[in-house]
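Student: Can you look at this prediction? I've put the sequence above it.
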Amino acid sequence: MFDFHLPDWLYEALPYVYVIAGIATIANIESTLSMVSGGLLISAGLYTRWMRRTYRNKQERSETDRRATDRRKTLRADMNRIAVQRREAERREAERRRG
């Protein structure tokens, strides 16, 4: 529906803005509605921060797992290459002894 992106500095600051706005609302306006609104703003800021941290940690683990998988594949390929070379050397040695 909407195709726009916030600047990075604003995107990263929003959870803190929510918390600060919530605290300011609770501190400056003394009514039940301001307490509820401030509490919701604080909750939204904390929840947004928690969701981002969780997602980034998950992405980091995925990247780490991908690199480990790539290293295992490379190691396996190297071991296969060495095994083929060794078998080839043994075959040549056996032919040399026979012939």
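Tutor: Now that the structure is in, tell me what you want to look at. Numbers count the residues shown, from 1 in each chain.
Student: Least confident secondary structure element in the protein?
Tutor: Sorting the helices and strands of the chain by mean pLDDT, DSSP states H and E puts helix 32-98 at the bottom, at a mean of 91.
Student: Going by secondary structure, the nearest residue to Leu40 once chain neighbours are set aside is in what exactly?
Tutor: Closest residue to Leu40 apart from its sequence neighbours, by C-beta to C-beta, 6 or more residues apart in numbering: Gly22 at 7.3 Å. For glycine as for every other residue, the C-beta is placed from the backbone atoms N, C-alpha and C. Element membership of Gly22 [criterion: DSSP states H and E] is helix 8-28.
Student: quick revisit: can you state the direction angle for the least confident helix or strand of the chain and helix 8-28?
Tutor: Relative orientation of helix 32-98 versus helix 8-28 (axes from the mean of the first three to the mean of the last three C-alpha atoms, to 10 degrees): 150 degrees.
Student: Next, report how far helix 32-98 is displaced from the centre of its chain.
Tutor: The chain centre lies 10 Å from the centre of helix 32-98; the measure is C-alpha atoms, centre = their mean, to the nearest Å.
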